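**Student:** What follows is a protein structure lacking sequence information:
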């Protein structure tokens, strides 16, 4: 294989709400692409991040009675924390409030302005505050925004405009001349259809009289830039444009991944912005569909927004990753239900993969005590027993599918190999061979082929189920070259890599089967069990006595361990306009980095005390269930210093 550089990006996620199933899918899909390309021996860089400016952020912050920056910090942290939880291996996380990003945005704006591609004009148009953009009549559905089903507001104001229209013919030619520029094909067709109509110039500013939460235009202090002209630039600012080593190394070998609702900014605005700025155009745009939940598009109003953390905690990380990648045909919409997820786990993972793995390793230990046997010469070329052709076919089909984001087909190719191996076991019947001493050499050949087949399966599932791949390789006794956690495709291909005499471990259960009847019963019992609790009452106090305790909301600014203590953390907290130091015995439950930005409840009028030589000016409230301490907090962001009643 020829080594290439590959730059993969998620869309830059907007922080107007916490992450949901759709965000998880895109991040996992890009993670799969990155891991697969590493298996192809390509050098990769994986970027994700958050988009933090604009009207919607201001509105969301106001609802929580906080500043746009504090709100953006809070939601951006949720996106950052989700990535390791989903085993997403990004190389960088960028925020559009980062100083380096702001500088690049202003430099590009100045460059395009100096070129004459930005002009000032008065404009009257229909503006959707949800989309933060003006709409043309032909884009509306029954006079309403197609995404928010609301009538846009008629706004008249003076703004700066980007001359997109003069690049329309160039963009059409570029799309037609580069058939892999937009994938899948239907989205190329969609964009070309849109470009048949005259392309209007893009309003790229907002007056500070209406919006101040944004990047100030370098050529007019009274305006901030439009959110897309800010957000899209993250893809190059994160690489250190214009002179950064990463930019020179990875741009424009770039594959952007986006959902279909933001194809226009990425497929029209962004390439034209790059063209105007004299920057090479990115390699391609991969567009996926929506996740519907129980047949309907996810929506807060109907209450079907799915939390990826809850699903993962209930069903397991690799099972969740597998379901998302296998269930969605990339480019089309898919439906998420727990029934479908459980069905995939029981059928594909527990029955097919898990059962195959357990059968093969159990038989290996039963018949050969876990030692890889030698192959007799007569069986080294026995085509009837050799699984290598099927494994090679699976690898080839897998590679060709994964290279074009047809992930469901790539995984299907692996499962075809799994199905063939299950049939192979039934046909060869190792348990019958084991009974006859004359068939021991044939039994050895069957087991070696099965072990080699499992080795290939373990390698191919790595991009989708990295933890499971790791467990399977460890059970097979494999040490992956160069201290990596995966085999390259070239390393997977050669047959016979399990050395005779090497040892395997006894198999564990990869994916326990979910008892659907039991799960339903447990849910019903849980519902019945939700009754008001009556905890034992100790040392009752009056309401007047309780009112003497001053409980306040606080935000943790920093946290560090206390020297010579395994239990204590030293916290700097903000309580209204005041900053305090609090010593809390929560080091065994919380690491310092977990706490920064977290909102807590503090006893504000407690007499200061010395703990391990450090002054504590208050107490953090936590619940103690004799096993863990859990910090008391709030289900939404509140202003620091507020009384807690």
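**Tutor:** Now that the structure is in, tell me what you want to look at. These numbers come from a predicted model, not from an experiment. Numbers count the residues shown, from 1 in each chain.
**Student:** Give the full set of residues in contact with the closest residue in space to residue 557 that isn't next to it in sequence.
**Tutor:** Counting by Cβ to Cβ, 6 or more residues apart in numbering, residue 572 is the residue found nearest to residue 557 once chain neighbours are left out, at 4.6 Å. C-beta here means a position set from N, CA and C on the backbone, and glycine is covered the same way. By Cβ atoms under 8 Å, 6 or more residues apart in numbering, the residues touching residue 572 are 556, 557, 558, 559, 579, 580, 581.
**Student:** Out of those, which comes closest to residue 163?
**Tutor:** residue 557 (45.5 Å; Cβ to Cβ).
**Student:** any idea which helix or strand carries that closest one?
**Tutor:** Using DSSP states H and E, residue 557 sits in strand 551-561.
**Student:** Now do the helix or strand following that strand, average pLDDT.
**Tutor:** The helix or strand immediately downstream of strand 551-561 is strand 569-575, counting by DSSP H and E. In this model, strand 569-575 has a mean pLDDT of 89.
**Student:** For the helix or strand immediately after strand 569-575 in the chain, name the packing helices and strands.
**Tutor:** For strand 569-575, the following helix or strand on the C-terminal side (DSSP H and E) is strand 578-584. For strand 578-584, the elements it packs on are strand 569-575, strand 614-616, strand 619-620, judged by 3 or more Cβ pairs under 8 Å, 6 or more residues apart in numbering; DSSP states H and E.
**Student:** to the chain's geometric centre, what's the distance from the shortest one?
**Tutor:** Taking Cα atoms, centre = their mean, to the nearest Å, the mean C-alpha location of strand 619-620 is offset from the chain mean by 34 Å.
**Student:** can you start the count at 599 instead of 1 from here on
**Tutor:** In the new count, where the first residue is 599, that last one comes out as strand 1217-1218.
**Student:** Can you tell me which helices and strands the very next helix or strand once past it packs against?
**Tutor:** The element immediately downstream of strand 1217-1218 (helix or strand, assigned by DSSP H and E) is strand 1220-1222. For strand 1220-1222, the elements it packs on are strand 1227-1229, judged by 3+ Cβ pairs under 8 Å, 6+ apart.
**Student:** Who are the packing partners of the strand it packs on?
**Tutor:** strand 1220-1222.
**Student:** average pLDDT for the strand it packs on?
**Tutor:** 81.
**Student:** Name the surrounding residues that touch it.
**Tutor:** Contacts for strand 1220-1222 (Cβ under 8 Å, 6+ apart): 1182, 1184, 1227, 1228, 1229, 1230.
**Student:** before we move on, back to that, if I take the strand holding residue 1155 and strand 1167-1173, what angle do their directions form?
**Tutor:** If you take axes from the mean of the first three to the mean of the last three Cα atoms, to 10 degrees, strand 1149-1159 sits at 140 degrees to strand 1167-1173.
**Student:** Can you name the residues in contact with strand 1149-1159?
**Tutor:** With Cβ under 8 Å, 6+ apart, strand 1149-1159 has contacts from 1166-1174, 1177-1178, 1185, 1190-1191, 1193-1202, 1216, 1219, 1232, 1236-1243.
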